[in-house]
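K.L.:
after the sequence you'll find the predicted model.
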Amino acid sequence: MIKTDAVIIGAGPVGLFAVHQLGIKGLNSEVIDNLDKAGGQCIELYPDKPIYDIPAVPECSGKSLTDNLLSQIKPFGSNIHLNERVQEISEKNGSWIVKTNLNKTFETPNIIIAGGVGSFEPRKLPLKELEKFENKSVFYSVNNKDLFKGKKISIFGGGDTALDWALEFSKNSKVTLIHRRDEFRGAPHTLAELKKLKNQGKIFIKTPFQIKSVNNGSDLQEIEIKSDDDKIEKIPTDIVFGFFGLIMQLGPIAQWGLNMNKKTIEVNTENFQTNKSGIFAIGDICHYPGKLKLILSGFHEAALASVECFKRARPNEKYRFQFTTSSKEIQDRLGVKK
């Protein structure tokens, strides 16, 4: 059980700034995001596109904004739990118990939902029998490539991610690349390298094929693939990767009893609390009259939510507003040296 002053769901810009606003008030936090890196939409959808509406920053990219936010919160030492999703929440003695899909459990007085337009979920292979192998033999992202050395790997997909990992894994593993079309979508140099490795027998390519079935039993050993003309092939396989891009889903949040407005969460504008005490929603996922889906709006929402979080986490302390320019207490928390 991890005890913390606040659990933040979402490691996009607004979630990261919430860490800062909590931190300067002396509160600790844990951040959970089901993507493999921090940054949310900024990193997944437009890491290199310019953003022009961050105050006092004429232009920045999604990546540079994320990097700066990560640098800004570094003094607070908050843990960011990536490739992990909050699965369920429950109340216990005035606190919230938060459980993830990887069986981590948190206890906190405050949950801040900063989930953007919902969680980014991988598009999965259309075969129900694969579900029991997920996170054991079937994966939709790569956390540690060294875990797959020497394995028989089948990769499904035809875009840059599938091609890049096929090339990478071919250095130490037997790789079969499977795509439902004859043509791949990738950078010219990647396609040239793929062709070279295919000719050298270091990568096996199967097109146009899709997955048909997997072996019975508790361990993945073999998959069957089927072509458009009903040709079936069996491929000995230890590991399956599917790289089909991402879709956005509200996920388990929709089952938590929060007042919803379509796919957004209704909040008050005093502290951005939902209809459930101790659960806040900020950023694109929240709704109130006049809401603008801007990063700067989310920063404002994070600041106000953090004040109520302090009151809940420190009920016996009086909240004192302080300026970062003049507060030695805040500057000490930030590690400012004078």
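P.N.:
Looks like it arrived, so ask away. Residues are numbered from 1 along each chain as shown.
K.L.:
now do the helices in the stretch 51-200 of the chain.
P.N.:
62-73, 160-169, 188-199 (DSSP state H, counting those that start in this stretch).
K.L.:
give me the mean pLDDT for stretch 26-44.
P.N.:
In this model, stretch 26-44 has a mean pLDDT of 91.
K.L.:
ok, now which ones touch the residue lying closest to residue 186 once chain neighbours are set aside?
P.N.:
For residue 186, ignoring the flanking residues on the chain, the nearest one in space by Cβ to Cβ, 6 or more residues apart in numbering is residue 163 at 4.4 Å. In this view, the C-beta of every residue, glycine as well, is placed from N, C-alpha and C. Contacts for residue 163 (Cβ atoms under 8 Å, 6 or more residues apart in numbering) come out as 157, 177, 184, 186, 190, 191, 194.
K.L.:
go on, residue 59?
P.N.:
Taking Cβ under 8 Å, 6+ apart, we find residue 59 in contact with 50, 51, 52.
K.L.:
for the second one, give the beta-bridge partners.
P.N.:
Note on residue 51: beta-bridge partners residue 60, judged by DSSP bridges.
K.L.:
wait, doesn't it sit right on residue 62?
P.N.:
Yes. If you go by Cβ atoms under 8 Å, residue 51 and residue 62 touch, sitting 6.6 Å apart.
K.L.:
got the phi/psi numbers for residue 204?
P.N.:
Main-chain torsions, residue 204, degrees, to the nearest 10: phi -100, psi 130.
K.L.:
pLDDT-wise, what's the bottom of the contacts of residue 163?
P.N.:
The member of the contacts of residue 163 with the lowest pLDDT is residue 186, and it reads 87.
K.L.:
need the residues touching each of residue 51 and residue 62.
P.N.:
residue 42.
K.L.:
neighbour count winner among these two?
P.N.:
A direct count of neighbours by other Cβ atoms under 10 Å for residue 51 and residue 62 places residue 62 higher, at 23 against 17.
K.L.:
so that one sits against residue 43, correct?
P.N.:
Yes. Residue 62 is within contact range of residue 43, at 5.9 Å (criterion: Cβ under 8 Å).
K.L.:
so residue 11 belongs to a strand, correct?
P.N.:
No. According to DSSP: H, G, I helix; E, B strand; the rest coil, the state of residue 11 is coil, so it is not within a strand.
K.L.:
list the strands paired with the least confident helix or strand in the chain by mean pLDDT, with their directions.
P.N.:
Ranked by mean pLDDT, DSSP states H and E, the helix or strand of the chain with the weakest confidence is strand 119-122, at a mean of 74. Here strand 119-122 is paired, per DSSP bridges, with strand 246-249 (antiparallel).
K.L.:
related to what we said a few turns ago, state the pLDDT value of the residue nearest to residue 186.
P.N.:
We have a pLDDT of 95 for residue 163.
K.L.:
OK, contacts around residue 51?
P.N.:
With contacts defined as Cβ under 8 Å, 6+ apart, the neighbours of residue 51 are 42, 57, 59, 60, 61, 62, 65, 295.
K.L.:
pull out the buried members of the residues you listed.
P.N.:
42, 60, 61, 62, 65, 295 (16 or more other Cβ atoms under 10 Å).
K.L.:
any idea how far residue 36 lies from residue 140?
P.N.:
Distance of residue 36 to residue 140, given as Cβ to Cβ, to the nearest Å: 10 Å.
K.L.:
who has more neighbours out of those two?
P.N.:
residue 140 (23 against 14).
K.L.:
can you pull the contacts of the nearest residue to the more buried one once chain neighbours are set aside?
P.N.:
Leaving aside its chain neighbours, residue 140 sits nearest to residue 122 (3.5 Å; criterion: Cβ to Cβ, 6+ apart). Each residue near residue 122 by Cβ under 8 Å, 6+ apart is listed here: 140, 141, 242, 244, 245, 246, 247.
K.L.:
and those residues, which are buried?
P.N.:
140, 141, 242, 244, 246.
K.L.:
residues in contact with the residue nearest the centre of the chain?
P.N.:
Centre of the chain computed as the mean C-alpha position; nearest residue by Cα atoms, centre = their mean is residue 35, 2.2 Å away. Applying Cβ under 8 Å, 6+ apart, we find residue 35 in contact with 11, 43, 44, 82, 83, 120.
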